[in-house]
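Trainee: prediction below, plus the sequence it came from.
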Amino acid sequence: MCPQRQEWFIPLGLLLLPHLLLANIQDASDQMTVISGSNVTLKISNVTHNYKQLAWFYNDNQKIVEQESKDPKYFKSQFKDRVRLGGDHTLFIYNVQKEDSSTYILKVLKESGKEISRYISLKVLDPVPKPVIKIEKIQEESNRCHLKLSCEIEGLSASWYGDSRPLPKEIHSNVLEITVNPQNYSRSYTCQVSNAVSSKNDTVYFTLPCTLDLMGQFGVWP
């Protein structure tokens, strides 16, 4: 069990802050969303250099590192050898994982005996999987072509593009069902899935009157 000092007090009921995509943390109110496997720098500005003790916490109860003199003391945690305390109170976390998501706490005990607490919210997301377009239906009738394509990715919604241009917002779902004609069609249809840290897509190619090229193989329906 990690030793605790009586002068440290972590407020209960700490609420997670909303997450924004940022590359670096500068203020107590900042948050960041990053991709799993990346390296993260948690840095808070305007914190005194004259202190008796400072410590970083993963949450209310789990201390990551503490420093009273020159050499920091690292506590047993999920981070193992993935964290390092740098200058200016900076905490480096390497190869971040989804379970590293939390509101981190920097606590500084000043020489005057006053304690300062600052908070940083970190959210770690995995990259989205590559979607695969499935041809559900393609039918030619009366000089028109009816297309039904699906792009299923669990937990994510798809956005559709025709010739790299966004299709109407009402089409933004996992199924694209449209009817095209020689005056109104796209040469390619792309399904894109994304989250705050990554984006991937798959594309099929259309040829009049009613032909799709999927994964480099042509399929023609009567």
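Mentor: Ah, there it is. Because the structure is a prediction, the values reported are computed rather than measured. Residues are numbered from 1 along each chain as shown.
Trainee: every contact and neighbour count from this point should use C-alpha atoms.
Mentor: OK.
Trainee: got a list of what residue 63 touches?
Mentor: With contacts defined as Cα atoms under 8 Å, 6 or more residues apart in numbering, residue 63 is in contact with 2, 55, 56, 57, 75, 77.
Trainee: in TSV, list those along with pLDDT.
Mentor: Formatted as TSV, these follow (pLDDT from 0 to 100):
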residue	pLDDT
2	39
55	94
56	96
57	96
75	94
77	91
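Trainee: got the contact list for the residue nearest to residue 39 when sequence neighbours are not counted?
Mentor: Using Cα to Cα, 6 or more residues apart in numbering and skipping the chain neighbours, the partner closest in space to residue 39 is residue 94 (4.4 Å). Going by Cα under 8 Å, 6+ apart, residue 94 touches 37, 38, 39, 40, 82, 83.
Trainee: now those as TSV including secondary structure, neighbour count and distance to residue 165?
Mentor: Below are these laid out as TSV (DSSP: H, G, I helix; E, B strand; the rest coil; neighbours: other Cα atoms under 10 Å; distance: Cα to Cα, whole Å):
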residue	secondary structure	neighbour count	distance to residue 165
37	coil	15	32
38	coil	12	31
39	coil	15	34
40	strand	22	34
82	coil	13	42
83	strand	20	43
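Trainee: domain parsing for the chain?
Mentor: Per automatic domain parsing, the structural domains of the chain span 31-125, 134-220.
Trainee: rank these by pLDDT, which is bottom?
Mentor: When the domains of the chain are compared on mean pLDDT, domain 134-220 scores lowest, with a mean of 87.
Trainee: determine the longest strand present in the protein.
Mentor: As assigned by DSSP state E, the longest strand anywhere in the chain is strand 115-125.
Trainee: pull out the buried residues from the contacts of residue 63.
Mentor: Taking 16 or more other Cα atoms under 10 Å as the criterion, what is buried in these is 55, 56, 57, 75.
Trainee: so the second one touches residue 109, yeah?
Mentor: Translated: residue 56. No - judged on Cα atoms under 8 Å, residue 56 makes no contact with residue 109 at a distance of 11.9 Å.
Trainee: can you identify the element that follows the host helix or strand of residue 64 toward the C-terminus?
Mentor: For residue 64, the host element (DSSP states H and E) is strand 63-67. Per DSSP H and E, strand 63-67 leads on to strand 73-74 as the next helix or strand towards the C-terminus.
Trainee: how far does that next one sit from its chain's centre?
Mentor: 29 Å (Cα atoms, centre = their mean, to the nearest Å).
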